[in-house]
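*Asks:* Sequence first, then the predicted structure, then my questions.
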Amino acid sequence: MEYLQQSFSVKFEYKTFFTSGLFELSNTGLNDFIAANSTSASIKKILFVVDQDVMKANLGLADQIRRYFDAHKAAQLIPEIVAMPGGEIIKNDESYFSKVLEIINQYNIDRHSYVAAVGGGSILDMVGYASAVAHRGVKHIRIPTTVLSQNDSGVGVKNSINYFGKKNFLGTFVPPVAVFNDDQFLLTLSDRDYRSGIAEAIKVSLIKDAAFFEWLEANADALVARDMPTMKYLIKRCAELHLNHIASLDPFEKGSSRPLDFGHWSAHKLEQLTNFKVLHGEAVAMGIALDTVYSNLSGRIAADEANRVVNLIKKIGFEITHPLLEVAGDDSPILIGLQEFREHLGGELTIMLLERIGVGIEVHEMDAELIKKAGEILKNEHVALSAV
């Protein structure tokens, strides 16, 4: 049998900027980036899609954006600044995705122009997906406005919407051309949303950086008190760890390994089961607690270290379990979620557990009885693990 074979590589490169007051006239960072990254002599347009709750919390934001591009001319602002709901609804209802495509078409946004998304992880996911498929890819700028999106999803390479009732069923691996983290957006967050993003910091520290976990323990009170310098360090360190991981051998997850999804297999199912009333970070915190206790029960992480993890989660203010995470039988929703996670990975289950703080280990099977026992231990948050 004859055949032809070809192999080629495509280089992806993008920057994550850390700034304050992105749309202040004196802050030329966004304009400078667009000017420096022009790839043709044609007029560059920029379309903004903004979380409507961010608009409400930052009165005058649309006018501020307009004034910015009146003063700075690297791109021509599309006059319609599109407001859309944030949260999981924007990923569940495909009409929002279709609307973004319609606007890209209406204003002739081409592959040399930009679509900027301003908001939390959900709107970044959806707008990123629309940008990736329009014209086979228009340039996408992410401007995350939550702790969660600034330290985790906003700096990654994934875009998605939910479909068939399953989280992130449709999506792409396409990096943004740039990410701009503006700390001023964090000031308007509720305590609940502010806290939610800290879960991803705990996650990445547990699998990547023991020293960072120790820093989180030492600075938990300052984080809860919303000390901005402390939060700025957390966000930058998380972003650094995520970007380092993305530069590894499998940035687009061609295999079945997803180490950055530690604690997520149960979290994704819990979000769905509660109709997303439990926030992503809250679900991840519970998922981390479950997988940490499971790691101890299965003979991995030591009891004293597992207790430190659970105690930090509680100190930040998270719940550590939920009734829907309990295993009552083979048809328990959480076990169905485990099977769905297996399917999402392509058939082979790969779960990240903990050998010790800062060191993860991948396993390919989970024992339902141990999941049940871990849930029972967490149900009584005053019970500490003993050595196994």
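*Replies:* Noted; the coordinates are in hand. Numbering: from 1, shown residues only.
*Asks:* ok, which stretches of the stretch 51-200 of the chain are helices?
*Replies:* Along the stretch 51-200 of the chain, counting by DSSP state H, counting those that start in this stretch, helices occupy 52-57, 61-71, 89-92, 94-106, 121-133, 147-151, 191-196, 198-208.
*Asks:* Pick the most buried one from these.
*Replies:* Highest mean neighbour count among the helices of the stretch 51-200 of the chain (mean count of other C-beta atoms under 10 Å): helix 147-151, with a mean of 29. Bear in mind the C-beta positions are built from the backbone N, C-alpha and C, glycine included.
*Asks:* Need the mean per-residue confidence for stretch 269-277.
*Replies:* Per-residue pLDDT over stretch 269-277 has a mean of 89.
*Asks:* now that stretch, how far from the centre of its chain.
*Replies:* Put simply, stretch 269-277 sits 16 Å off its chain's centre (C-alpha atoms, centre = their mean, to the nearest Å).
*Asks:* so where's this protein uncertain?
*Replies:* Within the chain, the stretches with pLDDT under 70 are 40, 249-259, 343-347, 382-388.
*Asks:* Now do the domain split for it, please.
*Replies:* 15-188, 192-379 (automatic domain parsing).
*Asks:* any chance of the helices of the stretch 51-200 of the chain in CSV, with distance to Glu217 too?
*Replies:* Converted to CSV, the helices of the stretch 51-200 of the chain look like this (distance: least, C-beta to C-beta, whole Å):
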stretch, distance to Glu217
helix 52-57, 31
helix 61-71, 36
helix 89-92, 33
helix 94-106, 40
helix 121-133, 26
helix 147-151, 17
helix 191-196, 16
helix 198-208, 10
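*Asks:* Could I get the full set of strands for the chain?
*Replies:* Taking DSSP state E, the strands of the chain run over residues 15-19, 45-51, 76-77, 82-84, 114-119, 139-144, 158-163, 166-173, 178-182, 351-356, 359-363.
*Asks:* right, and Val50 touches Leu61 too?
*Replies:* Yes: the pair Val50 / Leu61 is scored as a contact, 6.9 Å apart, by C-beta atoms under 8 Å.
*Asks:* Which neighbours do those two have in common?
*Replies:* Val118 (C-beta atoms under 8 Å, 6 or more residues apart in numbering).
*Asks:* and Arg111, how many residues sit next to it?
*Replies:* If you count neighbours by other C-beta atoms under 10 Å, Arg111 ends up with 12.
*Asks:* from memory it sits against Gly137, does it?
*Replies:* Yes: Arg111 is in contact with Gly137 according to C-beta under 8 Å; the separation is 6.4 Å.
*Asks:* can you pull the contacts of Leu353?
*Replies:* By C-beta under 8 Å, 6+ apart, Leu353 lies in contact with 262, 291, 294-295, 298, 300-301, 360-363.
*Asks:* Tell me the bridge partners for it.
*Replies:* Bridge pairing for Leu353 (DSSP bridges) gives the partners Ile361.
*Asks:* re the thing from before, quick check: which of the helices of the stretch 51-200 of the chain is nearest to Glu282?
*Replies:* helix 191-196 (5.9 Å; C-beta to C-beta).
*Asks:* Which other helices and strands does the closest one contact?
*Replies:* The helices and strands touching helix 191-196, judged by 3 or more C-beta pairs under 8 Å, 6 or more residues apart in numbering; DSSP states H and E, are helix 147-151, helix 280-297.
*Asks:* Render the CA-only coordinates of it in PDB, please.
*Replies:* C-alpha atoms of helix 191-196 as PDB (Å, rounded to 0.1, in the frame of the first residue of the first chain):
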ATOM      1  CA  ASP A 191     -16.700  37.600  48.700                       C
ATOM      2  CA  ARG A 192     -18.000  34.300  47.400                       C
ATOM      3  CA  ASP A 193     -16.700  34.900  43.900                       C
ATOM      4  CA  TYR A 194     -13.400  36.300  45.200                       C
ATOM      5  CA  ARG A 195     -12.900  33.200  47.400                       C
ATOM      6  CA  SER A 196     -14.000  30.800  44.600                       C
END
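*Asks:* Just give me how far it sits from the chain centre.
*Replies:* Distance of helix 191-196 from the chain centroid (C-alpha atoms, centre = their mean) equals 14 Å.
*Asks:* Of the strands of the chain, flag the one that's most buried.
*Replies:* Most buried among the strands of the chain, given mean count of other C-beta under 10 Å as the contact rule, is strand 114-119, at a mean of 28.
*Asks:* what pairs with that strand, and is each one parallel or antiparallel?
*Replies:* Taking DSSP bridges as the criterion, strand 114-119 sits next to strand 45-51 (parallel), strand 139-144 (parallel) in its sheet.
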